[in-house]
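J.: mind folding the following:
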Amino acid sequence: MEASLRSAAFGDGVPPPKPFGVPASPRGRLLAAIVLGGRGRYAAAATLLNDLRASKDPVLASLAASTLASHRRQLGGHAAALTLDGEALALAITAPREEPDPDGLDAEGARADALLGLAADNLGRGRLAAARRLVARAEAHTGNWRSRTRAGWVGAEIELASNISEAGIAPAEMALETARARGACRHVVKSQLVLGVTIANGSSAERDRAKALVESARETADKYEFNSLLWVACLVAADFAAGHADEYRFRVPELLHAVLRHADPCGRRLARESPWVPAEGV
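T.: All right, here's what the predicted structure looks like:
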């Protein structure tokens, strides 16, 4: 079961049979929470993650806190995520080095997750200088593919927020190449969206590429039920597909409704209060 959950979280994206049982091991429960979060089942994920945050293993507790922070951030709750990422960093910096995990579920990966999470939280709150400093601090811990991919996302998003999208192309390209090399389906989808948005205002050839990237991301997210990304992909795709713009925009409230129906009360409140999530009326 853990192998299939790891593949669903960091590999081919194929989910375990429904309903899948949650493993008894702490690492298995973390993987289950990651898979559930990727599919927008935030309440079930939060139940597992809040339990794991109390673990005596600082690495596991840190990874649980930063994973929950990413789920809060996906619903627009950057301030709530900031607290969780701070908790994750406090745990991770005390953790001794250990045997490396292929997907960064280790002490170094936990440090990278916390620092990159804090960078994304600050980015979402308009603190670009702080976000840049945190990404720079994370570089020492990005030895695994997943941390490098996430660093590419945040680096590109900082440049976009700074209105210098050309500088965001290199980290966005790196993120996509890294995720593809690992065969990490969900991370490829997110990387395609980030790169697509980054190059959208370039030449006509770049805009054509951006459209293809976003459409591929939307189709894959739909196929594998990556609902945490699908509503975003539809929102972005509407800006590229003139003939389907209304169709994609119409789907966004429907998808958000499904996601919020499976969110815990805190997640629903954050989404409805966030200026980033179009949850009004959902």
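J.: from here on, contacts and neighbour counts on C-alpha atoms
T.: Fine.
J.: burial of A130, as a residue count?
T.: 16 (other CA atoms under 10 Å).
J.: what about the nearest residue to it once chain neighbours are set aside, helix or strand, and which?
T.: Residue nearest to A130 in three dimensions, not counting chain neighbours: N122, with 6.5 Å by CA to CA, 6 or more residues apart in numbering. If you go by DSSP states H and E, N122 is part of helix 107-124.
J.: mind listing what's buried in the host helix or strand of G168?
T.: Element membership for G168, per DSSP H and E: helix 165-182. Residues of helix 165-182 classed as buried: 165, 167-169, 171-180, 182 (neighbour count, 16 or more other CA atoms under 10 Å).
J.: out of the residues you listed, who's nearest V135?
T.: Proximity of these to V135 (CA to CA) peaks at P171, which lies at 11.7 Å.
J.: give me the pLDDT for the closest one.
T.: Here the pLDDT value assigned to P171 is 98.
J.: if we can go back for a sec, right, and the helix or strand after the helix holding N122?
T.: helix 128-138.
J.: show me what that next one is packed up against.
T.: Using 3 or more CA pairs under 8 Å, 6 or more residues apart in numbering; DSSP states H and E, the elements in contact with helix 128-138 are helix 107-124, helix 145-161.
J.: deepest-packed of those helices, please.
T.: Highest mean neighbour count of the helices and strands packed on helix 128-138: helix 107-124, a mean of 28 (counted as mean count of other CA atoms under 10 Å).
J.: low-confidence ranges in this protein?
T.: 17-19, 242, 280-282 (pLDDT under 70).
J.: grab the most central residue of it for me.
T.: Among the residues of the chain, the one closest to the centroid is S70, at 6.1 Å (CA atoms, centre = their mean).
J.: OK, contacts around it?
T.: 81, 117 (CA atoms under 8 Å, 6 or more residues apart in numbering).
J.: please identify the helix or strand for it.
T.: Assigned by DSSP H and E, S70 falls in helix 58-74.
J.: how far does that helix sit from its chain's centre?
T.: 11 Å (CA atoms, centre = their mean, to the nearest Å).
J.: what angle do it and helix 107-124 make?
T.: 20 degrees (axes from the mean of the first three to the mean of the last three CA atoms, to 10 degrees).
J.: how about the next helix or strand after helix 58-74: buried residues?
T.: Downstream of helix 58-74, the next assigned helix or strand under DSSP H and E is helix 78-92. Residues 78-82, 84-89, 91-92 are the ones in helix 78-92 that count as buried (16+ other CA under 10 Å).
J.: what comes into contact with helix 78-92?
T.: Contacts of helix 78-92 (CA under 8 Å, 6+ apart): 58-59, 61-66, 68-70, 72-73, 107, 110-111, 114-115, 117-118, 120-122, 124-125.
J.: tell me what angle the helix holding G168 forms with helix 145-161.
T.: Using the same axes, to 10 degrees: helix 165-182 against helix 145-161 is 160 degrees.
J.: please name every helix or strand in contact with helix 165-182.
T.: Against helix 165-182 (3+ CA pairs under 8 Å, 6+ apart) you get helix 145-161, helix 185-199.
J.: in JSON lines: those helices, plus distance to E273.
T.: Formatted as JSON lines, the helices and strands packed on helix 165-182 follow (distance: least, CA to CA, whole Å):
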{"stretch": "helix 145-161", "distance to E273": "21"}
{"stretch": "helix 185-199", "distance to E273": "24"}
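J.: out of those helices, which gets nearest to P253?
T.: Per CA to CA, nearest to P253 of these: helix 185-199, 19.2 Å.
J.: now for that closest one, which elements pack on it?
T.: helix 2-10, helix 145-161, helix 165-182, helix 204-224, helix 227-237.
J.: which residues touch the third one?
T.: Counting by CA under 8 Å, 6+ apart, the neighbours of helix 165-182 from elsewhere in the structure are 11, 145-146, 148-153, 155-160, 185, 187-188, 191-192, 194-195, 198-199.
J.: alright, calling it a day.
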